[in-house]
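Chemist: Coordinates for the following, if possible.
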Amino acid sequence: MTGAPTLLAVAHGTRDPQGAAATEALIARTRALHPELPIQHCYLDLLTPSLPEALAGLTGDVIVVPLLLGAGYHLRVDIPAALAGAPHLHTRIARALGPDPLLADVLTDRLRQAGWHPDDHADGGALVLAAAGSTDPRANADTAAMAELLRARLPQGGRVLPAYLCAAGPTPAEAVATLRAAGHPRIALAEYLLGPGLFARRAARSGACLATAPLGAHDAVAHLIALRYEEAVGELAAVVPARNP
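Modeler: Next up, the predicted model:
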């Protein structure tokens, strides 16, 4: 490789203006915290530039960092298919952002900002971790793993129930009802979503005592994007010599 590979951050895309603004804010924060990185971004759907358009305008080595919270269909199928149509590039796909302890930091911060305190669990409180959901069970397993990482931040015996806003169950409302039936009087909902939009609004109406804001342009998310890039740079460097002896 010559020079630093381009970091191409690939977001899902949304019709919601606030959701689109949240993605732009996250990219801007990543650039501010990591000015040494050559960062570009694009979208899988609904917004431009699309992933094929972004790839067509790049040269050399590219690290694709999915702004996705689990390894579902987009990461396993859509992104590789787009890269197959850009043979002029040397590419590597980084891991999805989640699950990761840094995201547990963000979720904890968002919960506290919403009025939650770890002592709530000592009084019988519980958490619902509300994710988008996927038809791919591996993506939903990533959400369950994230729920375990969040649970590890709670007092002993704390309970975190993963929930899904589409394609899988339980829904956030069902998870809240389950926890109430189990005797938890105070239930908080953590939105395991990158930005606002339809899913975030639906999660907030689940019946929990409080609901957080989405992850958003938190510094830890920006650092995680850079971390995924650095991991993949090492992997790409290891295979480039074999391709170009």
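
Chemist: Pull out the buried positions in the helix or strand hosting A238.
Modeler: Applying DSSP states H and E as the criterion places A238 in helix 219-243. For helix 219-243, burial by neighbour count (16 or more other Cβ atoms under 10 Å) applies to 220-229, 232-233, 236. Yep, even glycine has a C-beta here, placed from its N, CA and C like the rest.

Chemist: repeat for stretch 175-189
Modeler: Applying 16+ other Cβ under 10 Å to stretch 175-189 flags 175-176, 178-179, 184, 186-189 as buried.

Chemist: still on that earlier bit, just the buried residues of helix 219-243 now: which is nearest H88?
Modeler: L236 (15.5 Å; Cβ to Cβ).

Chemist: for that closest one, what are its contacts?
Modeler: Residues near L236 by Cβ atoms under 8 Å, 6 or more residues apart in numbering: 1, 5, 61, 63, 90-92.

Chemist: in this protein, which helix or strand is least confident?
Modeler: Least confident helix or strand, the chain: helix 119-122 with a mean of 71, by mean pLDDT, DSSP states H and E.

Chemist: so T143 touches A131, yeah?
Modeler: Yes - at 4.2 Å, T143 counts as touching A131 under the criterion of Cβ atoms under 8 Å.

Chemist: When those two are compared, which one has more neighbours?
Modeler: Ranked by neighbour count (other Cβ atoms under 10 Å), T143 and A131 place A131 first, with 28 against 24.

Chemist: So that one sits against L194, correct?
Modeler: No - assessed by Cβ under 8 Å, A131 is found out of contact with L194, at 10.7 Å.

Chemist: tell me how far the ends of stretch 199-215 are from each other?
Modeler: End-to-end distance of stretch 199-215 (Cα to Cα, to the nearest Å): 13 Å.

Chemist: What of stretch 86-94?
Modeler: End-to-end for stretch 86-94, by Cα to Cα: 17 Å.

Chemist: For it, buried residues please.
Modeler: For stretch 86-94, by 16+ other Cβ under 10 Å, it's 86, 89-94.

Chemist: Need the max-distance pair from the contacts of L236.
Modeler: M1 and T91 (11.9 Å).

Chemist: Now the common contact residues for these two.
Modeler: Joint contacts of M1 and T91 (Cβ under 8 Å, 6+ apart) are 61, 236.

Chemist: From M146, how far off is the residue nearest to the spatial centre of the chain?
Modeler: Nearest to the geometric centre of the chain sits L69, at 2.9 Å (Cα atoms, centre = their mean). According to Cβ to Cβ, to the nearest Å, L69 stands 7 Å off from M146.

Chemist: try G133
Modeler: 13 Å.

Chemist: what about the two, which has more around it?
Modeler: Ranked by neighbour count (other Cβ under 10 Å), G133 and M146 place M146 first, with 25 against 22.

Chemist: The more buried one touches P101, doesn't it?
Modeler: No - M146 is not in contact with P101 according to Cβ under 8 Å; the separation is 9.7 Å.

Chemist: Could you name every residue contacting both of these two?
Modeler: By Cβ under 8 Å, 6+ apart, no residue touches both M146 and P101.

Chemist: so what's the closest residue to the residue nearest to the centre of the chain other than its chain neighbours up against?
Modeler: Using Cβ to Cβ, 6 or more residues apart in numbering and skipping residues adjacent in sequence, the residue nearest L69 is G98, 4.0 Å away. Residues counted as contacts of G98 (Cβ under 8 Å, 6+ apart) are 68-70, 142-143, 146, 192.
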